[in-house]
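Q: compute the structure for the input listed below.
(3 chains)
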Amino acid sequence: MDKAKTANNNKTHAIDILSVTKIYPHRTHPVTALNDISFAIEDNEFFTLLGPSGCGKTTLLRMIGGFEGITKGQIQLYGEDISTLQPNQRPINTVFQQYALFPHLTVFENVAFGLKRLGRDRAFIQKQTEAMLELIRMADFAHRKPNQLSGGQQQRVALARALAPQPKVLLLDEPLSALDLKLRQAMREELKDIQKKTGITFIFVTHDQEEALTMSDRIAVMSNGEVQQIGTATDIYDHPINHFVATFIGEANILSASVTKINKNSIMATLAAGGGSVEVATDLAMTKGQKISLMIRPERVKIGKASRAKSALSGVVQSISYLGTDTQLHVSLNARQETELNTGQSNGEIIIARQQNHGDGGSPFHKGDAVSVTIAENALRILQD
Amino acid sequence: MANTSERIRWYPGFREIALICLVILYAPLIIVMIYSFNNSPSITIWKGFSFVWYEEVFFGPESAKFKQATVNSLIIAVLAAITSTTIATASALAMIRGRRFRGQAMTFGLINLPLMVPEIVTAVATLIFFASIGFDRGILSILLAHIVFCIPFAYLPIAARLQGIANVYEQVARDLYATPGQAFRLVLLPMMLPGILSGFLLAFIISLDDFIITNFVKGAGVETLPTAIFGAIKQGIKPNIMAISTLMLAASFILVSISYFISRIGNHDR
Amino acid sequence: MAGIINQTSKTTDGAQTSIVDGKQHILLLPAWLIIGVLLVIPVILMLVYSFLTQDFRGGVIWEFSLEAYDQFFFDRGLFGDEPPSIEWTYIGIFWRSFLQALFAMIFCFLIGFPTAYFIATRAPQSRSFWLFLVTIPYWVNLLIRTVSMKFLIRDNGPINTWLLSGGIIDEPISMINTNFAIQIGLFYSYLPFMVLPIYASIERYNFALSEAAADLYSSRWVTLFKIVIPSVKPGIIAGCILVFIPSLGAFLAPDLLGGAKNFMIGSLVEEQFKGQAGDWPFGAAVSMILLSIIMVILLFYARAQIRQNDGGH
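A: Numbers count the residues shown, from 1 in each chain, chains lettered A, B, ... in the order given. Below you'll find the model as predicted:
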């Protein structure tokens, strides 16, 4: 009863991950690779699993492809349980990290491999394979062997091979990681483009945040076998829900604070280091006096000449790094004597600020300068742990 | 830089010892080869170049005996190599591609057991076995004994090859709708082929070369080439033996060269 | 829902899927059967035979007897009237075989190690050519190689003929049918067995270690003995075992080169089955003793390897 209802509701999802757990059995140290994960991937979506190595993202991808067993839970494809199906019984194809083109077959034979196994008729195989080679601009290489191709070309053939059977879902396991930087950037565009053209749901695994942010419709950030947050690139960068997401994606300043006042859609809080009262928008339930962590991105921290204005924080420049487009400053926040919170915090926290360079000789500040620190309006976020 | 590291690796005398090593390995074989063309019934005095002993091998009074022995040897070697290569391929798949199982280390030991037991002991044990069950000693008993000791020789190159093939290839095949059987036949087997061929050739040579075990388990009157040669030597080294030896040398050389180039080609396409 | 999940977990949990899943035992069955029936059972049967009574027409009488071992170890017999004393004939043959194998191993190492080292330090192209040259004799029929050696060192063989005609010696040096001839034969037979595993080890050796040692003021030879040899020890031990074990049970070299009076274990065994003596239980007992010695050596080797693997990683 319960199950039927779930299935109905999920009809439009491409993939449903339902309470999936993966434990690698071991006599003394069984390893939990995935801990009770549930989420859905929409039809025609470019969905990315992002996380550090060992977070379980590849394990999850391999479970969807049918290469790893499921300890507990269920995976559904358009509402149907595929957990027990063999890889060759799933209308899902994979682009593997190592490409793994069959060395004894030509490019054409590689791309046609899946169609032949599906028993498609010869005319269709010919047409579809040629179309795929056209799609990846490799038609001229149809009769080469894989060892005569460059890394980027092999990568594209692996993609065509996986797309040729027109799978319902395409899995991509860090397919760009073996390519050099320039090629990788070009391939991002191409992959995104191909996904749009084919309308196939892509599930993309990467540990590269830039890749994830630029390509994905939605991203699931994973760590320690759990999904930390799912959302669009801007959701995840601008509104990270916890410490892990905030620090894994981009750079983040984490400031401890305590709640002083609760408003309707916001709270007032005092920073532990440097003092100063800030307003933070939130719809979370808070209590007065609660200790919280606040996050702010370095580019939202403004550094100015030291001022006497009461509202601004102040500090001393500890180091300056020139990064080309930006200059990054590490500023140690001064403790403020008049706040009651500063006891034991007198050496202050470090806050990182980034200023865009304008080609006029870098930052006007020097190491040891006393500066004021201003936090942009609406830039602080409350982290849930 | 390269010169310095060359100098650090270099040891005086090592090149000379290596050359001596080659001389030791080849001198007796080359001398036998040379003397096989000696136009003289005496085997030590050089009387000019001739094919007389090769004629003797192919058309002389003993030629029928050696021909029969060669045929026996070839039949046994081909069958032993085919059987042991098949068994070794199946075993390598289970040992390297399968999940771990109880007794895996023991199975590995069992496959390599024929390499560890001295040949003379294997010969004795096999003879006793055939005698005690009343098994007729002849071609079949030789073949069975050969299959046993050919298995590890075929296994080694096949297993080495299989270990060098990442298992992602079968996964790709399975992902592209191949059944396990198709994944093996269409992807893994062609990729393993160099290893299987070189395993086959090694097993073939090993079977062709065996003397001790064959000598024990062969029945009266059944000869393979090595036992026939051994029997002939017992009556003294005659020049026709050197001609046969030279022919066998050439055969070994050709087979090893083929096996060597197959494995090199195999390594290139990865 | 829970029921479905449990069902799922039963069928798909575990390691990654593999194309041989569930077929492993079928795939291994032929190897188990062939080697089990044609080698393991025969060895057990050989052990049984060594405790049976000799039948003088060859073969055995199925009656328990310690006669074979008694004959091997004791002179007047353990069960005779007079006090037994040790029989040295057979122990002597074992001892001589042991020494022959030991010396063959040492000589093979002395020539084989520098050769392997030299090959491993060649440029890749000439390296594979050298390796090819060393491998060829390994695959040439052992009988033919032994016969070639016999031909070479005979009293009227090429060596003596040349030396005589060159006026270097007045009468042939008698090399054939001596312990020296056996030693040459063993050395020659098993030299490639020493070179190949040592080569494999040196090829994997990181020569930056040698450079680091040189940088830290160690001389060429100190580097060789303190750094290179300890690093490639597994290959050296493998090579030594591969030479020692077949040398110990060798038949062809002692039989063809050693002549009638220089018996080794191989000839002793052969004589019991192929020769006139025809004492099968005794032959089985000698084989059993040889096998036991070799198994002990291999056991020590395996233990040392396991220790090394545990310590190494």
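Q: pull up the gap between residue C:293 and chain A, please.
A: Distance of residue C:293 to chain A, computed by C-beta to the nearest C-beta, to the nearest Å: 37 Å. No exception for glycine: its C-beta is placed from N, CA and C like everyone else's.
Q: surely that residue and residue C:244 touch.
A: No: look at residue C:293 against residue C:244 with C-beta atoms under 8 Å: they stay out of range, at 10.5 Å.
Q: who has more neighbours, the two?
A: Ranked by neighbour count (other C-beta atoms under 10 Å in any protein chain shown), residue C:293 and residue C:244 place residue C:244 first, with 22 against 18.
Q: sec struct for the more buried one, please.
A: helix (DSSP: H, G, I helix; E, B strand; the rest coil).
Q: same question, residue B:203
A: Looking at residue B:203 with three-state DSSP, the answer is helix.
Q: ok, it touching residue B:84?
A: Yes: with contact defined as C-beta under 8 Å, residue B:203 reaches residue B:84; the gap is 4.9 Å.
Q: who touches both of the two?
A: Residues touching both residue B:203 and residue B:84 (C-beta atoms under 8 Å, 6 or more residues apart in numbering or on different chains) are B:150-151, B:153-154.
Q: including pLDDT, secondary structure and neighbour count, could these go into JSON lines?
A: Below are those laid out as JSON lines (pLDDT from 0 to 100; DSSP: H, G, I helix; E, B strand; the rest coil; neighbours: other C-beta atoms under 10 Å in any protein chain shown):
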{"residue": "B:150", "pLDDT": "96", "secondary structure": "helix", "neighbour count": "29"}
{"residue": "B:151", "pLDDT": "96", "secondary structure": "helix", "neighbour count": "32"}
{"residue": "B:153", "pLDDT": "91", "secondary structure": "helix", "neighbour count": "23"}
{"residue": "B:154", "pLDDT": "93", "secondary structure": "helix", "neighbour count": "33"}
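Q: and those, which two are furthest apart?
A: Distance extremes for the shared contacts of residue B:203 and residue B:84: the farthest pair is B:151 and B:153 at 7.3 Å, using C-beta to C-beta.
Q: residue contacts, residue C:229?
A: residue C:236.
Q: did I read that right, it in a strand?
A: No: counting by three-state DSSP, residue C:229 is not found in a strand; it is helix.
Q: quick check: pLDDT value at it.
A: pLDDT for residue C:229: 89.
Q: how close does it sit to chain A?
A: 38 Å.
Q: what of residue B:96?
A: For residue B:96 relative to chain A (C-beta to the nearest C-beta), the value is 17 Å.
Q: give the closest residue to that residue in space, chain neighbours not counted.
A: Spatial nearest neighbour of residue B:96, excluding adjacent residues (C-beta to C-beta, 6 or more residues apart in numbering or on different chains): residue B:162 at 4.9 Å.
Q: the one you found and chain C, how far apart?
A: From residue B:162 to chain C the distance is 11 Å (C-beta to the nearest C-beta).
Q: how many other residues sit next to that residue?
A: By the criterion of other C-beta under 10 Å, residue B:162 has 20 neighbours.
Q: gap between the residue nearest to residue A:85 when sequence neighbours are not counted and residue A:198?
A: Distances taken as C-beta to C-beta, 6+ apart put residue A:66 closest to residue A:85, at 6.1 Å, once the chain neighbours are dropped. Separation of residue A:66 from residue A:198 (C-beta to C-beta, to the nearest Å): 21 Å.
Q: for chain A, longest helix please?
A: Longest helix of chain A, by residue count under DSSP state H: helix A:181-198.
Q: what packs against that one?
A: Applying 3 or more C-beta pairs under 8 Å, 6 or more residues apart in numbering or on different chains; DSSP states H and E, one finds that helix A:181-198 contacts helix A:151-163, strand A:201-206, helix A:209-215.
Q: packing partners for the helix or strand containing the residue nearest to residue B:96?
A: Here residue B:162 is covered by helix B:139-163, with elements defined by DSSP states H and E. Contacting helix B:139-163 under the criterion 3+ C-beta pairs under 8 Å, 6+ apart are the following elements: helix B:63-92, helix B:104-116, helix B:119-132, helix B:189-209, helix B:212-217, helix C:24-35.
Q: now do the same contact list for residue C:267.
A: For residue C:267, counting by C-beta under 8 Å, 6+ apart, the contacting residues are C:251, C:254-255, C:258.
Q: sec struct for it, please.
A: What three-state DSSP gives for residue C:267 is helix.
Q: tell me how far it lies from chain A.
A: Distance, residue C:267 to chain A, using C-beta to the nearest C-beta: 51 Å.
Q: re the thing from before, show me which of residue A:66 and residue A:198 is the more surrounded one.
A: residue A:66 (26 against 16).
Q: so what's that one up against?
A: Taking C-beta under 8 Å, 6+ apart as the criterion, residue A:66 is in contact with A:82, A:85-87, A:89-90, A:92, B:174-175, C:17.
Q: need those residues in CSV (columns: secondary structure).
A: Formatted as CSV, those follow (three-state DSSP):
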residue, secondary structure
A:82, coil
A:85, coil
A:86, coil
A:87, helix
A:89, helix
A:90, coil
A:92, strand
B:174, helix
B:175, helix
C:17, coil
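Q: which among those residues count as buried?
A: A:82, A:85-87, A:90, A:92, B:174-175, C:17 (16 or more other C-beta atoms under 10 Å in any protein chain shown).
Q: can you put the contacts of residue A:66 in JSON lines and add distance to residue A:254 and pLDDT?
A: As requested, the contacts of residue A:66 are exported to JSON lines (distance: C-beta to C-beta, whole Å; pLDDT from 0 to 100):
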{"residue": "A:82", "distance to residue A:254": "41", "pLDDT": "94"}
{"residue": "A:85", "distance to residue A:254": "44", "pLDDT": "91"}
{"residue": "A:86", "distance to residue A:254": "46", "pLDDT": "90"}
{"residue": "A:87", "distance to residue A:254": "43", "pLDDT": "91"}
{"residue": "A:89", "distance to residue A:254": "47", "pLDDT": "92"}
{"residue": "A:90", "distance to residue A:254": "42", "pLDDT": "94"}
{"residue": "A:92", "distance to residue A:254": "39", "pLDDT": "95"}
{"residue": "B:174", "distance to residue A:254": "45", "pLDDT": "94"}
{"residue": "B:175", "distance to residue A:254": "42", "pLDDT": "94"}
{"residue": "C:17", "distance to residue A:254": "43", "pLDDT": "69"}
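Q: picking that back up, got the angle for the longest helix of chain A vs helix A:151-163?
A: 20 degrees (axes from the mean of the first three to the mean of the last three C-alpha atoms, to 10 degrees).
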